[in-house]
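Undergrad: after the sequence you'll find the predicted model.
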There are 2 protein chains.
Amino acid sequence: MIRITELARERVERVLGNGDLAVDATAGKGRDTLFLARAVGPAGRVIAFDIQRQALAETASLLKQNNLAHRVSLVCGGHETMAAHVDAPVAAVMFNLGYLPGGDHGIVTRPETTRRALASSLELLRPGGLITLVLYSGHPQGDQEKKAIVNYCRELDGALYSVVQVRLLNRRGAPPELLVVKKSKNQP
Amino acid sequence: MIRITELARERVERVLGNGDLAVDATAGKGRDTLFLARAVGPAGRVIAFDIQRQALAETASLLKQNNLAHRVSLVCGGHETMAAHVDAPVAAVMFNLGYLPGGDHGIVTRPETTRRALASSLELLRPGGLITLVLYSGHPQGDQEKKAIVNYCRELDGALYSVVQVRLLNRRGAPPELLVVKKSKNQP
């Protein structure tokens, strides 16, 4: 079984090395944060965002269990404020949109703030770096958010960014989709 | 710049190991054949198909330059005859559809034979193995072929196969698309 979240991590793993700075734009239960904390190595650093204290508590606990809390700064705030917290070029930014699994399903990421966070990420990204976005259309605002983000990415200048869309073709229901945005190595 | 053919090779590389059997269903200029010949290691074997002698000659020459001709059997015949030439479970099958670059653009793969070759590949694949298909919609029959193959893959039983579609979102014209079909490790 191919999992979209695994495909996102595989893409990110290819660009991250020891000493890199990475961002988890949606800490959630902390699984991507933990993955990034491992991938940036002992000299690296991760900044993880979430608007829900419950999410940050779960993420902190997962990092502590894995003795990696020292590599991660947790920010209780929206990912659209990213530029205020990130002070160096970023190698990778991961978004896993929608609601917190096991949390309040009424609290979801929103097209407008997600779009702003994505625009910030594009600015903060180093040449050759990449952004992954896992999009869900199974909840009511999810489909609207997915369309907004796909349309935004479709318009990105092909000389500066490559955007790849990854979909599961034969899965029933509304399986998640993945977008991978890679910044060209040669920026003007 | 992200290249679809590179993404296909990255997926295949993850499943191939020394001693494996792999198939290049469309040898063409031999680039995937060479990639597979390296990836199956000294104990591995590759069977490559093409209906055009020019393609097989170019492939043979590329393999010889790289001292890997001994790992590859070249078959001058349609990939829909695959089952007659492949005698063991296959770890990976690669398709790169359309016409031979630099050759006669009137000689293209066809929806019906491609579909039959794909059906054969699914049978011959070992559990956990995978098939990649690079599809072009830029030439007249290409769009029809792409639709036929996408529809065929959409109907594959999700318990037996995972199908992933990979598209370049912000590339002008008719960029190629990639399908990756993975056979479940646990087949009934």
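TA: Cool, the structure landed. Predicted model, so just to flag it, every value in this text is computed and none were measured. Numbering: from 1, shown residues only, chains lettered A, B, ... in the order given.
Undergrad: only C-alpha atoms for contact and neighbour calcs from this point on.
TA: Fine.
Undergrad: all helices for chain A, in order.
TA: A:4-15, A:31-39, A:53-65, A:111-124, A:140-154 (DSSP state H).
Undergrad: tell me the helices and strands packed up against the helix or strand of chain A with the lowest mean pLDDT.
TA: Across the helices and strands of chain A, mean confidence by mean pLDDT, DSSP states H and E is lowest for helix A:140-154: a mean of 92. For helix A:140-154, the packing partners by 3 or more Cα pairs under 8 Å, 6 or more residues apart in numbering or on different chains; DSSP states H and E come out as helix A:111-124, strand A:125-135.
Undergrad: for chain B, find the nearest of those.
TA: strand A:125-135 (9.2 Å; Cα to the nearest Cα).
Undergrad: is any residue of the closest one near chain B?
TA: No. Strand A:125-135 stays clear of chain B (Cα under 8 Å from any Cα of the partner chain), getting no nearer than 9.2 Å.
Undergrad: can I get the CA coordinates of that strand in CSV?
TA: What follows is strand A:125-135, C-alpha atoms only, in CSV (Å, rounded to 0.1, in the frame of the first residue of the first chain):
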residue,chain,number,x,y,z
LEU,A,125,13.0,28.4,0.8
ARG,A,126,16.7,28.1,-0.3
PRO,A,127,17.4,27.4,-4.0
GLY,A,128,17.0,23.6,-4.5
GLY,A,129,14.7,23.3,-1.4
LEU,A,130,11.2,22.0,-1.5
ILE,A,131,7.7,22.2,0.0
THR,A,132,5.3,19.3,0.4
LEU,A,133,1.6,19.8,0.9
VAL,A,134,-0.8,16.9,1.7
LEU,A,135,-4.3,18.0,0.8
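Undergrad: listing partners with orientation, what would you give for that strand?
TA: strand A:90-96 (parallel), strand A:177-183 (antiparallel) (DSSP bridges).
Undergrad: can those go into a markdown table with extra columns for mean pLDDT and mean neighbour count?
TA: Output for those, formatted as a markdown table (pLDDT from 0 to 100; neighbours: other Cα atoms under 10 Å in any protein chain shown):
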| stretch | mean pLDDT | mean neighbour count |
| --- | --- | --- |
| strand A:90-96 | 97 | 26 |
| strand A:177-183 | 97 | 24 |
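Undergrad: dump these into JSON lines; add distance to B:Ile149 as well.
TA: Below are the strands paired with strand A:125-135 laid out as JSON lines (distance: least, Cα to Cα, whole Å):
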{"stretch": "strand A:90-96", "distance to B:Ile149": "30"}
{"stretch": "strand A:177-183", "distance to B:Ile149": "20"}
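Undergrad: report the distance from the least confident helix or strand of chain A to the chain centre.
TA: Relative to its chain's centre, helix A:140-154 lies at 15 Å (Cα atoms, centre = their mean, to the nearest Å).
Undergrad: go on, stretch A:53-69?
TA: The answer for stretch A:53-69 is 17 Å, by Cα atoms, centre = their mean.
Undergrad: please apply the same query to stretch A:181-188.
TA: 18 Å.
Undergrad: got it, and stretch A:157-170?
TA: Worked out by Cα atoms, centre = their mean, stretch A:157-170 lies 15 Å from the chain centre.
Undergrad: now do stretch A:155-162
TA: On Cα atoms, centre = their mean, the centre of stretch A:155-162 falls 19 Å from the chain's centre.
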